[in-house]
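# predicted model, plus sequence, below.
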Amino acid sequence: MAKATVHGSGLTAYGIYLLAQSYHAAGDRLGEFQDRYSRFSDHPRRLLYFQALENYLRSFLRLHGKEPEEIKRYDHNFSVMLDDSRAFGLQIKNRTEKFIRESGDRRDYVRIRYDYNLRVLDESALSSPPAMAQLTSAVTNLEVPVRMALVATGIDIVPRAEG
């Protein structure tokens, strides 16, 4: 039986970090655009930030020896990714950890990726997307310790430019 292709298997922890930074910066720039033109949905921006969050976690896991095949098996389970990252020493603010876990439990990433009608709420409180401020804060608060872990290896990293 042929081995399944693992996309991105050649990426290093730093490469995954750069990918996360790209999603993060794109979300920031899209936010500036949306501030001027409020008629546009915030859906694409949320997707970019969730991609950044997931890739910051993947970067940290890869830095600590997780192979791409193992990382792929996490699927989009942020809580398990966070558990394993914490076991490797990731330290983040309590509110960031709570946000990541709750988003994972609600499957916000999967919903934002596939459910295009997020502004329509059903009777469940779990149906509403997280506040944008919480999402952007969590992504920024996760980026910092991942960057610091990479810097500790001797990699020369230029910090992400702030909005």
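Good, I have the coordinates. Note that this is a predicted model, so its numbers are computed, not measured.

# shouldn't residue 49 be in contact with residue 25?
No - the pair residue 49 / residue 25 is not scored as a contact, 10.8 Å apart, by CB atoms under 8 Å. (Each C-beta comes from the backbone N, C-alpha and C, glycine too.)

# more crowded one of these two?
residue 49 (27 against 16; other CB atoms under 10 Å).

# for the helix or strand where the more buried one lies, which positions count as buried?
Assigned by DSSP states H and E, residue 49 belongs to helix 43-63. Neighbour-count burial for helix 43-63, counted by 16 or more other CB atoms under 10 Å, picks out 43, 45-63.

# for the following helix or strand past that helix, buried residues please.
Next helix or strand after helix 43-63 toward the C-terminus (DSSP H and E): helix 68-73. Of all the residues in helix 68-73, those buried under the rule 16+ other CB under 10 Å are 68, 71.

# quick thing: my sequence starts at 495, can you match it?
With 495 as the first residue, the last one maps to helix 562-567.

# what about helix 562-567, distance to the chain center?
16 Å (CA atoms, centre = their mean, to the nearest Å).

# mean confidence for that helix?
Averaged across helix 562-567, pLDDT comes to 91.

# just name the shakiest helix or strand of the chain by mean pLDDT.
For the chain, counting by mean pLDDT, DSSP states H and E, helix 602-608 ranks last in confidence among helices and strands (a mean of 83).

# which strands and helices sit next to that one?
In terms of contacts (3 or more CB pairs under 8 Å, 6 or more residues apart in numbering; DSSP states H and E), helix 602-608 is packed against helix 537-557.

# packing partners of the helix it packs on?
Where contact means 3+ CB pairs under 8 Å, 6+ apart, helix 537-557 is packed against helix 507-530, helix 562-567, helix 572-581, helix 602-608, helix 626-645.

# okay, these in JSON lines with distance to residue 594 next?
Formatted as JSON lines, the helices and strands packed on helix 537-557 follow (distance: least, CB to CB, whole Å):
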{"stretch": "helix 507-530", "distance to residue 594": "14"}
{"stretch": "helix 562-567", "distance to residue 594": "16"}
{"stretch": "helix 572-581", "distance to residue 594": "5"}
{"stretch": "helix 602-608", "distance to residue 594": "10"}
{"stretch": "helix 626-645", "distance to residue 594": "6"}
